[in-house]
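Undergrad: Whatever this is, show me its structure:
(one chain, ligands or ions: 3)
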Amino acid sequence: MQVDISRDPKLSKLDHLFVLLAEDNRDVDVPPDVRKVIGDARFEGRGDEAITVLHDPPRKLTLIGLGKADKLSLRGLRAALTTIARTAKKQRDKTIGVLFPYLLPNLDAAQTTRIAADYLSGADYKYDAYITVKKEDKRPSAAATLVAHPDLDSKTVKALNAQVSAVADAIRTVRDLANGPCNIITATALADRAEAVAAEVGIKCTVYGKRDIQRMKMGGLIAVNRGSVEEPRFVVMEYTPKKRAKQHVALVGKGITFDSGGISIKPAEKMEEMKFDMCGAASVIGIIEAAAKMELPVKVTSIFAATDNLPSGSAYKPGEIITMMNGKTVEVVNTDAEGRMVLADALHYASGLKPNHIIDYATLTGACVVALGSEASGLFTPDDELARKLIECGERVGDRLWRLPIWDEYKDLVRSDWADIKNSGGRWGGATTAAVFLKEFVDCPSWAHLDIAGTAYAESETSRDARGSTAAGVRMTLEFLESLSRS
Ligand code: BES
Ligand code: MN
Ligand code: ZN
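TA: Ligands and ions are numbered 1, 2, ... in the order given. Prediction:
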């Protein structure tokens, strides 16, 4: 929904005011009429508490409990904001106000206000492009006013509003692309959408077709694409800030528009979820969109390799040996380990640009989902300093990472008797052996691989989010790019 952070909102003009309150809230700054309702209703602020009273003006006042004040969390805030958005939708409120009179742990007033506005913007998201509802059922979502923390001046509020709308737009781009059906979001369509985004924010975008990809000798991408009737695409988006940038960050995304497993075909159950196998590509498109809109003083290049992975008479097979763009040979032992095949070429290409950092985003392994579930993306990097920074950025915006090893000791598992390396190390340590494989194709002093297989999409709706794409990694990366521009 549309969110406007405001220092002195006209609360009396709103359909519905929501006030978020923790326990022991006597000293918390709320308007006197709200304070009276809290007392009259004996509202305590427990986590399971919510009451709505008719109160004129605003017409409706809802108090939502947050639990213990010293236990406030991004997660709790997010659940509360989602409740607000869902309530407003059901009650057909046209204008709502949200008052969150607290600071989140380790965040200042600006950071707290920004993340609250950011979450609220996406809290009513639902992908309904293909739901053929009757016209009268179409409820426009509410316009929300978030009361700014009293410490913020008007200049800061203005800047925050611009940042929040840039991030919200980017997250919507990512979610719409990722949630899109795999017959529509083909490699060609994904490249077209990248071009459209680039045109909108005024950045460069180069789309390489099948012939270009063959000419560049991207053996991994060509091999995976062989089973498909759809052409592959390799896309490079470039944002160059107006002032000379000190840092250049290359972002690389896995863009498998549908992963059937290929000849090493997957079981039928939940195979439809493999339309989300392009979430990495969607992320790098969204991140560069926001970076350009926010005019960050960092050069950003977003790169993705797109194709689907299907079985056919011409599909690549176990037993093949593929020569990759960097000249290394790969023995294919499992065609379902296709993500690393296309990423290898994309990472090699990115290395050639000599950026300061490379970060890749990939729904790469089921093993990562087994290890971390959906609470954290897997982080793999030989660079301790980069690991520390990315983890810290993720914690600040509720987009968490957990580091897993990428030690050379694991290389034994991907050693091949027939080629330089094989594309699967088997089940044990599967997320790490995938990362170790990728490392063979990276030539950059500072690289991180994010396995977003468990975080990029939600299998079902939760108290915090809709089903489908979550845009995992996007907020963390924007925080990182902003932190680079400060240093
Ligand atoms: N796209 C899948 C990984 C995946 C699994 C993402 C579950 C989201 C949910 C990837 O291409 C894949 O199939 N990986 C294999 C690798 C194996 C063959 C070495 C896997 O994880 O089983
Ligand atoms: Mn696969
Ligand atoms: Zn895959």
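
Undergrad: From now on I want contacts and neighbour counts done on CA atoms only, so please keep to that.
TA: Noted.

Undergrad: what's around the closest residue to ligand 2 within the stretch 301-450 of the chain, how many residues?
TA: Residue nearest to ligand 2 within the stretch 301-450 of the chain: Asp336 (3.6 Å; CA to the ion). Asp336 has 24 neighbouring residues, counting by other CA atoms under 10 Å.

Undergrad: ok, the closest residue to it other than its chain neighbours - contacts?
TA: Nearest residue to Asp336 in three dimensions, chain neighbours excluded: Gly261, at 4.0 Å (CA to CA, 6 or more residues apart in numbering). By CA atoms under 8 Å, 6 or more residues apart in numbering, the contact set of Gly261 is Asn309, Leu310, Pro311, Thr335, Asp336, Ala337, Glu338.

Undergrad: okay, these in JSON lines with distance to Val252, secondary structure and pLDDT next?
TA: Formatted as JSON lines, the contacts of Gly261 follow (distance: CA to CA, whole Å; DSSP: H, G, I helix; E, B strand; the rest coil; pLDDT from 0 to 100):
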{"residue": "Asn309", "distance to Val252": "19", "secondary structure": "strand", "pLDDT": "99"}
{"residue": "Leu310", "distance to Val252": "22", "secondary structure": "coil", "pLDDT": "98"}
{"residue": "Pro311", "distance to Val252": "25", "secondary structure": "coil", "pLDDT": "98"}
{"residue": "Thr335", "distance to Val252": "21", "secondary structure": "coil", "pLDDT": "98"}
{"residue": "Asp336", "distance to Val252": "20", "secondary structure": "coil", "pLDDT": "98"}
{"residue": "Ala337", "distance to Val252": "17", "secondary structure": "coil", "pLDDT": "98"}
{"residue": "Glu338", "distance to Val252": "15", "secondary structure": "coil", "pLDDT": "98"}
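
Undergrad: and the two most separated of those residues?
TA: Pro311 and Ala337 (13.4 Å; CA to CA).

Undergrad: For the residue lying closest to Ser154 once chain neighbours are set aside, grab the count of nearby residues.
TA: In space, and not counting its chain neighbours, Ser154 is closest to Arg7: 7.1 Å by CA to CA, 6+ apart. Counted with other CA under 10 Å, the neighbours of Arg7 add up to 18.

Undergrad: Ala79 too?
TA: Neighbours of Ala79 (other CA under 10 Å): 19.

Undergrad: Chain neighbours aside, what residue packs nearest to it?
TA: Arg464 (4.4 Å).

Undergrad: pretty sure the one you found is touching Ile84, no?
TA: No: contact criterion CA atoms under 8 Å: Arg464 and Ile84 do not qualify, at 10.8 Å.

Undergrad: Name the residue in the two with the higher neighbour count.
TA: Using other CA under 10 Å as the criterion, Arg464 and Ile84 rank with Ile84 on top: 24 against 17.

Undergrad: which ones are touching that one?
TA: By CA under 8 Å, 6+ apart, Ile84 lies in contact with Phe18.

Undergrad: Can you give me the buried ones in the strand or helix carrying it?
TA: Using DSSP states H and E, Ile84 falls within helix 74-90. By neighbour count on 16 or more other CA atoms under 10 Å, the buried set for helix 74-90 is 74, 76-86, 88-89.

Undergrad: Out of those, give me the two with the largest separation.
TA: Leu74 and Lys89 (22.4 Å).
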